[in-house]
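K.L.:
Let me see the structure of the following:
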Amino acid sequence: MSKPSICYFLPTMNIGGAEKHVIHLASALQQRGYPTRIVTIFQEGPLKGQVLRENIPFTCLHVKSGWNPATVFKIFQWLRANRSDILHTYLFGFHFYAGLPARLLKVPVILSSRREIAQWKKRRHWLVENLGNYFADRIVCCSRAVQSWTLERENVRPEQVLTIYNGVDLNDFNPQSDGLRVRQEFGIPEGAFLVGTVANFSHEKGYPYLLDAISVVLEKNPSVWFLLVGSGPLQSEMKARAAVISRSRQIVFAGSRSDIPEILSALDVFTLASIIEGFPNVILEAMAMAKPVVATEVGGIPELVETGEDGILVKPRASGLLAQAILTLLEDRRLAGRLGNHAGEKIRRDFMLTKMLDQYEALYLSLWQGENEHALSGKDSSLAGTKLTAGRS
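P.N.:
Residues are numbered from 1 along each chain as shown. Predicted coordinates:
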């Protein structure tokens, strides 16, 4: 039997975890013989170049009118001219706006993804999500925390929702790299203890609490350096806040970077002060680089990091606890090394890219083959009895 064609639908290819995940997924499945393509609705986005470098067919519909019937009609027109066996949508509302025309056109399999604990959603957002759920055969969550959030707040069947964890490509993340080039670029002494984070400067990433923790750490140990990688709406505000901290020269704002493996290799400790999370890819990547993690126990992070095994977790919005965890690893380098080694082992055991791919492939094939069987037999196409291969809560 030939392999099904898979189309991924997103609003744009911005620099973000969901978009990078889709590129990895589409590229790797293409190497396994699946025809894949990526379609964006509004803009091409800065990651278009990476999509093309991976030789993934790419289309932007260049819709300018926003979410309305004209947008749905344009999606309908494109789907009618470009048939796919599987439609997989990412980010808010797409399983409705793309799922409705896909169902009218009898696309065999429709999936949607949930990749955040979306506390920002209002009543109108939940209405769109719930309407879209009528068209989705499966809703794939990036963590059990996100799965639980989805089951509690959306109108879905329990068997409709499952978890597939993200995976790391170990070809990209080599823990043997020394990170010396990054330290030299930013003027960080070669032997200095370096703590870093990689996160957008947005509300949910908890940067005010991180900067408060940094102030405490520098007061108790003035030799520590901090590297903050990312950009976003709060960046200028956080720079101004950091400028009044003693030894602010040792707080480096690196902006957006494409060399994340090298950035991580330069660190002694990776930290993330988020107050809301789904399942942050960057923690997976830091652990793959054998770095101990200091993070907050929110969302799916406790499913990945265990205190005393791979790092230290603290309560969110607790700057003092965050600072103390960093200082603990600064003062006990053997503990930091042990936690980092365990982190790397966990990624190689449980969170490799190949494992994620196997689970997505099994899910796609089970749904597509089930639809083919129903089409041949003429029986009811309900998926309620299909076995979930990727996980459940």
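K.L.:
Tell me, how many residues neighbour Ala286?
P.N.:
When counting by other Cβ atoms under 10 Å, one arrives at 34 neighbours for Ala286. Bear in mind the C-beta positions are built from the backbone N, C-alpha and C, glycine included.
K.L.:
State the helix or strand in which the closest residue to it other than its chain neighbours lies.
P.N.:
Excluding its sequence neighbours, the residue lying closest to Ala286 (Cβ to Cβ, 6 or more residues apart in numbering) is Phe270, at 3.7 Å. Secondary structure assignment for Phe270, by DSSP states H and E: strand 269-272.
K.L.:
which secondary structure elements does the helix or strand following that strand contact?
P.N.:
Proceeding N to C from strand 269-272, the next assigned helix or strand is helix 281-288, under DSSP H and E. Under the contact criterion of 3 or more Cβ pairs under 8 Å, 6 or more residues apart in numbering; DSSP states H and E, helix 281-288 touches helix 17-31, helix 260-265, strand 269-272, strand 293-296, helix 333-350.
K.L.:
With distance to Met356 and mean neighbour count added, can I get these in CSV?
P.N.:
Converted to CSV, the helices and strands packed on helix 281-288 look like this (distance: least, Cβ to Cβ, whole Å; neighbours: other Cβ atoms under 10 Å):
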stretch, distance to Met356, mean neighbour count
helix 17-31, 8, 20
helix 260-265, 18, 21
strand 269-272, 21, 26
strand 293-296, 20, 28
helix 333-350, 10, 17
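K.L.:
would a markdown table of those with distance to Ser5 be doable?
P.N.:
Supplementary listing: the helices and strands packed on helix 281-288 in a markdown table, determined by distance: least, Cβ to Cβ, whole Å:
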| stretch | distance to Ser5 |
| --- | --- |
| helix 17-31 | 10 |
| helix 260-265 | 31 |
| strand 269-272 | 37 |
| strand 293-296 | 38 |
| helix 333-350 | 30 |
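K.L.:
closest one to Ser319 among the ones you listed?
P.N.:
strand 293-296 (10.8 Å; Cβ to Cβ).
K.L.:
Paired strands for that closest one, with orientation please.
P.N.:
In the sheet, strand 293-296 lines up against strand 269-272 (parallel), strand 311-314 (parallel) (DSSP bridges).
K.L.:
Dump the ones you listed to TSV, plus distance to Gly299 and mean pLDDT.
P.N.:
Below are these laid out as TSV (distance: least, Cβ to Cβ, whole Å; pLDDT from 0 to 100):
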stretch	distance to Gly299	mean pLDDT
strand 269-272	11	98
strand 311-314	12	98
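K.L.:
possible to save the ones you listed as a markdown table with distance to Arg32?
P.N.:
As requested, those are exported to a markdown table (distance: least, Cβ to Cβ, whole Å):
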| stretch | distance to Arg32 |
| --- | --- |
| strand 269-272 | 31 |
| strand 311-314 | 33 |
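K.L.:
out of those, which comes closest to Asn68?
P.N.:
Proximity to Asn68, assessed across the strands paired with strand 293-296 by Cβ to Cβ, is greatest for strand 269-272 (37.5 Å).
K.L.:
just to revisit the earlier point, I'd like to know which of the strands paired with strand 293-296 is closest to Ile38.
P.N.:
Comparing the strands paired with strand 293-296 by Cβ to Cβ, strand 269-272 comes nearest, at 27.8 Å.
K.L.:
could you turn the closest one into CSV, dropping everything but the C-alphas?
P.N.:
Output of strand 269-272 as CSV, limited to C-alpha atoms (Å, rounded to 0.1, in the frame of the first residue of the first chain):
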residue,chain,number,x,y,z
VAL,A,269,23.3,25.6,34.0
PHE,A,270,20.2,26.1,31.9
THR,A,271,17.3,27.9,33.6
LEU,A,272,13.7,28.7,32.7
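K.L.:
How far does that strand sit from its chain's centre?
P.N.:
17 Å (Cα atoms, centre = their mean, to the nearest Å).
K.L.:
For the residue nearest to Ala286, give me its contacts.
P.N.:
Applying Cβ atoms under 8 Å, 6 or more residues apart in numbering, we find Phe270 in contact with Val195, Gly196, Thr197, Val198, Leu264, Val282, Ile283, Ala286, Lys291, Pro292, Val293, Val294.
K.L.:
Please report how far it lies from Ile139.
P.N.:
Phe270 sits 30 Å away from Ile139, going by Cβ to Cβ, to the nearest Å.
K.L.:
pretty sure Gln50 contacts Ile23?
P.N.:
Yes. Under the criterion of Cβ atoms under 8 Å, Gln50 makes contact with Ile23 at 5.8 Å.
K.L.:
Quick check: Glu361 is in a helix.
P.N.:
Yes. Counting by DSSP: H, G, I helix; E, B strand; the rest coil, Glu361 is part of a helix.
K.L.:
ok, now which ones touch it?
P.N.:
Contact partners of Glu361, counting by Cβ under 8 Å, 6+ apart, are Leu29, Arg32, Tyr34.
K.L.:
Mind pulling the model confidence for it?
P.N.:
Glu361 is assigned 97 on the pLDDT scale.
K.L.:
ditto for Glu152
P.N.:
Here, the pLDDT recorded for Glu152 equals 89.
K.L.:
ok, so of the contacts of Phe270, who is nearest Pro158?
P.N.:
Ile283 (27.9 Å).
K.L.:
what's the spacing between that closest one and Ser274?
P.N.:
10 Å.
K.L.:
so what sits against both of those two?
P.N.:
Common neighbours of Ile283 and Ser274, counting by Cβ under 8 Å, 6+ apart, are Ala295, Ile301.
K.L.:
Looking at these two, which has the bigger crowd around it?
P.N.:
Taking neighbours as other Cβ under 10 Å, Ile283 and Ser274 compare with Ile283 leading, 27 against 24.
K.L.:
can you map out the helices along the stretch 1-150 of the chain?
P.N.:
17-31, 48-53, 69-81, 94-97, 99-104, 123-133, 144-153 (DSSP state H, counting those that start in this stretch).
K.L.:
Restrict stretch 232-243 to CA atoms and write it as CSV.
P.N.:
Backbone C-alpha positions of stretch 232-243 (Å, rounded to 0.1, in the frame of the first residue of the first chain) are rendered in CSV as follows:
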residue,chain,number,x,y,z
GLY,A,232,9.9,39.8,22.1
PRO,A,233,7.7,42.5,23.4
LEU,A,234,9.2,42.7,26.9
GLN,A,235,12.8,42.8,25.8
SER,A,236,13.4,46.5,26.2
GLU,A,237,11.7,46.6,29.6
MET,A,238,13.8,43.7,30.8
LYS,A,239,17.0,45.3,29.6
ALA,A,240,16.1,48.5,31.5
ARG,A,241,15.4,46.4,34.6
ALA,A,242,18.7,44.6,34.3
ALA,A,243,20.6,47.8,33.9
